[in-house]
Structures are given as structure tokens and as C-alpha cells.
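Chemist: After the sequence you'll find the predicted model.
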Amino acid sequence: MRATGLIALAVWLLGAAGCARLGPLSPLAPLERAALYHPAEYPIGDWFPEDLEYEDAWFRAADNVRLHGWYAPHDEPRGVALCLHGNAGNITHRAAMLRTLNGLGLSTLVFDYRGYGRSQGKPSEHGILQDARAARAWLAERAGVVERDVVLIGGSLGGGVAVDLAARDGARGLVLSSTFTSLPDVGAHHLPLLPTGLLMTNRLDSLSLIKQYHGPLLQYHGEADTVVPYELGRELFDAAPGPKRFVSQEGAGHNDDLSAEFFASLDAFLDSLPPEEQPTAG
């Protein structure tokens, strides 16, 4: 996730201190989307990564937008995971994570939100939430599990998407990294003189939603994160009611590599998850 002054400039030029009520019709909405979403469209990226066995996944969101992802199955999986990436790049920039998760014994799907990679459309909060639900449905059917038995792994913006799915529909486990209480809270950190809570149309109010999720949670945050402040991650974690563990990394920023402690914790977390349900025949 990257911060920008576009929203601030638009506010001062338009004097639009109530436009959030207009949602996507707000005059600020296009500038806000440009500030928040930074997709890398195909063919940007390495679309033929070495030492990664995967299959292309194609599926459609509820509004018929065609989406694309990579699915890396495991012969003897200990779980099925959906990986929800951040606001920049595309799935080619998550090849290493896909490889690592597969190495931990997970059959994993990483996919691109609309407008990213080979996926059609333009990103929006409503749109990417639709995309995530479509991805989970495809993954559950392909892997032969019920949807609420998918482990959700979300980083930064993807953490907000993962919390929404887990809170509303359930999850076998929830793994978050470098994520936030809400998008307006992140905006307030970068633009403290502006009423971001009134101006922003994209919300991802994870702080409210996390209270509805009572399943296992593993959460990571770098203590030197200047994009999504560490304090927002801790506040989100503290609000989660279920069994949980928080992993900090001293000196780590928003885009630094996840620590060895995190991956060791993830390995133990996967061992601790409840058994999967058996899909209902027919």
C-alpha cells in the first residue's frame, strides 16, 4: 500500500466535505481509487516463474467480471488457503509466497482483483470483495472443501478483504500481515488535518467486522511500518475475540520480508487448526 496527496488536493479544490455519502458517484471517487489501487496489468511481471507448479484459474465474480489466478495444489494438503494480496502489483509478485505456502503443505490460490494482472474490470471496494468471494468459491470446489474451511491469508489491503470474508462467512483460520483497522484510519495517519472518515468512500472497516469472527487468528506487523502504522495492527488484533497470536518484527517496514518467526508461527498455527468439515454429498 502506498500513500498519496491526491485525496488532499481534491478536497481543497472541490471543497467536498460530504461527498462520501454519494459513494461511487462522489467527485472524489476516481481520485480516491487512483490513490488506493495500484494495479500492474498484464503483461507486467514474470508470468512463467521457475520452480513453481501451478494451474491457471479462471472464474467470474457475481457481476460477471472475469478473474484470473494461480492455483498450486498439494498432493497431501494440511489445508486449503486463499491468498489475498495488497493494493499494488499482481499475482506474479506473489510467486515466492505461493511457493512458500505450498511448501508448508497448503493447496493455495492467489488471484488478482479486477483490474490487476489478467483480471478484467476496475477495482473498487465492492468489486474486490465480490472478487474474493468468487475466488473462495472456485477454490473450495476445486479443492473439495466447504468454503468456511478455507484458510484466509491477507496482507495489507488484502487483510481488510480477508477480515470481511472471515467475519461474514467464517474461515478455518485467518492470517493477517501489515493490515489496518479501516482505510479511513490509514488515511487519517497520512492526512491528519483532513476528515478522512467523512471523505473516503472506500472503508474496509475491519475493526468493526473482526468482532464477528471467533475463529483462530495469526497476525503479523513490522514495528517500523510507516504505511500502515503498527498501532493500527495492534488495535485490530486486540479487538479480535477468538484464539489469537501476534508476531512483531522490530525494525521492519511495510514491504519488508516476513520474518522467520512469522513462518514458524504460521507452521504451528496450521497444526492448531480444527479439522476440516466433510463436504455434503450431492
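Modeler: Yep, that arrived.
Chemist: My guess is residue 197 contacts residue 183. True?
Modeler: No. The criterion here is Cβ atoms under 8 Å, and residue 197 misses it with residue 183 at 9.9 Å. Yep, even glycine has a C-beta here, placed from its N, CA and C like the rest.
Chemist: Mind checking which of the two has more residues around it?
Modeler: Set residue 197 next to residue 183 and count neighbours by other Cβ atoms under 10 Å: residue 183 wins out with 25 against 14.
Chemist: Ramachandran angles for residue 155?
Modeler: Here is the backbone geometry of residue 155 (degrees, to the nearest 10): phi -120, psi 130.
Chemist: typo on my end, residue 151
Modeler: Torsion angles, degrees, to the nearest 10, at residue 151: phi -80, psi 130.
Chemist: what are the bridge partners for it, then?
Modeler: Beta-bridge partners of residue 151, counted by DSSP bridges, are residue 81, residue 173.
Chemist: Against residue 182, how distant is it?
Modeler: Distance, residue 151 to residue 182, using Cβ to Cβ, to the nearest Å: 23 Å.
Chemist: ok, those two, which is more surrounded?
Modeler: The neighbour comparison of residue 151 against residue 182 (other Cβ under 10 Å) goes to residue 151, with 29 against 22.
Chemist: ok, residue 250 - how many residues close by?
Modeler: Neighbours around residue 250, by other Cβ under 10 Å: 8.
Chemist: likewise residue 264?
Modeler: Other residues close to residue 264 by other Cβ under 10 Å number 11.
Chemist: what are the ranges of the strands in this structure?
Modeler: Assigned by DSSP state E, the chain shows strands spanning 38-39, 55-60, 66-72, 79-84, 88-89, 106-112, 151-155, 173-177, 217-222, 244-249.
Chemist: Put the alpha carbons of the fourth one into CSV.
Modeler: What follows is the C-alpha trace of strand 79-84 in CSV, where atoms were taken according to Å, rounded to 0.1, in the frame of the first residue of the first chain:
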residue,chain,number,x,y,z
GLY,A,79,-5.2,-27.2,4.5
VAL,A,80,-6.6,-25.1,1.7
ALA,A,81,-5.6,-21.4,1.6
LEU,A,82,-6.8,-18.3,-0.3
CYS,A,83,-4.1,-15.6,-0.5
LEU,A,84,-5.3,-12.1,-0.8
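Chemist: how many degrees apart are that strand and strand 66-72 in direction?
Modeler: Angle between the axes of strand 79-84 and strand 66-72 is 140 degrees (criterion: axes from the mean of the first three to the mean of the last three Cα atoms, to 10 degrees).
Chemist: Where does pLDDT dip in the stretch 1-150 of the chain?
Modeler: Applying pLDDT under 70 to the stretch 1-150 of the chain flags the ranges 1-28.
Chemist: Check which helices and strands the top helix by length along the chain sits against.
Modeler: Determined from DSSP state H, the single longest helix within the chain is helix 125-143. Judged by 3 or more Cβ pairs under 8 Å, 6 or more residues apart in numbering; DSSP states H and E, helix 125-143 is in contact with strand 55-60, strand 66-72, strand 79-84, strand 106-112, helix 157-169.
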